[in-house]
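Undergrad: The following block contains a protein sequence and its predicted model.
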Amino acid sequence: MNYPLTLTFKILSLGTRLSMHDASGNLIAFVKPKRFKLKEDINVFADENQTQLLYNVKADSIIDFSARYNFTDAGGRFLGSIKRQGMRSLWKTNYQISDADDRQVLEIHEENPWVKIIDSLVGEIPVLGMFTGYMFNPAYIVSREDSTPVVRLQKQPAFFESKFEVSAQAQLSKNEESLILPGIVTMTLLERGRG
């Protein structure tokens, strides 16, 4: 992939819409999750018309804080999964990404959990709360099992959309990229749901 990538949530559209573009501005992923589903089932497409499926991400249980989200490619081949670290994620967001053999190969964790807390507190203040999306910008690190950072996801200041920059911190293998893209999309959608 051509880094840095830009991940954007449209705030003023009906329903959630997430798009990811590479450094040249080419669309590489588009998601429009179905609303009112008890069991998450997310399709990641290569185009806005939703004709070219890249990945499917499906929860293994209904409305569960520690559900496992399994990734499959367009042909239905199992690629791996992502799982939130239960109670540990209440303070500091933490997800584990496993490969097709169910071995944990990557981890996503919040760089500084205080940003989320300050954002929540300031967000409750009238008028000032409207500007929290511009002032407080959390960052997430994707790292290998040996704690080597490979990707950094940083929220960018924005008023009318949520925008993140995804930058490579190390050389990535094709297998790592095939897990990181659906992993980041899933984590971002889940964390956005938490606020």
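TA: Good, I have the coordinates.
Undergrad: Paired strands for the strand or helix carrying residue 81, with orientation please.
TA: Element membership for residue 81, per DSSP states H and E: strand 78-84. For strand 78-84, the paired strands and their directions (DSSP bridges) are strand 68-73 (antiparallel), strand 94-99 (antiparallel).
Undergrad: The ones you listed: which one's closest to residue 189?
TA: With Cβ to Cβ, the closest approach to residue 189 among the strands paired with strand 78-84 belongs to strand 68-73: 9.6 Å. Every residue, glycine included, has its C-beta placed from N, CA and C.
Undergrad: In CSV, could you pull the C-alpha coordinates for the closest one?
TA: What follows is strand 68-73, C-alpha atoms only, in CSV (Å, rounded to 0.1, in the frame of the first residue of the first chain):
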residue,chain,number,x,y,z
ARG,A,68,-14.1,-12.1,18.1
TYR,A,69,-14.4,-10.6,14.7
ASN,A,70,-13.4,-13.0,11.9
PHE,A,71,-12.0,-11.7,8.6
THR,A,72,-12.6,-13.5,5.3
ASP,A,73,-11.6,-12.4,1.8
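Undergrad: Show me where this structure has its helices.
TA: Along the chain, counting by DSSP state H, helices occupy 88-91, 113-123, 132-135, 174-194.
Undergrad: List of residues touching the longest one?
TA: For helix 174-194, contacts defined as Cβ atoms under 8 Å, 6 or more residues apart in numbering pick out 1, 7, 9, 16, 18, 20, 28-29, 31, 33, 42, 44, 54-55, 57, 69, 71, 73, 79-80, 82, 84, 93, 95, 97, 99, 105-106, 108, 140, 142, 144, 150-151, 153, 162, 164, 166, 172.
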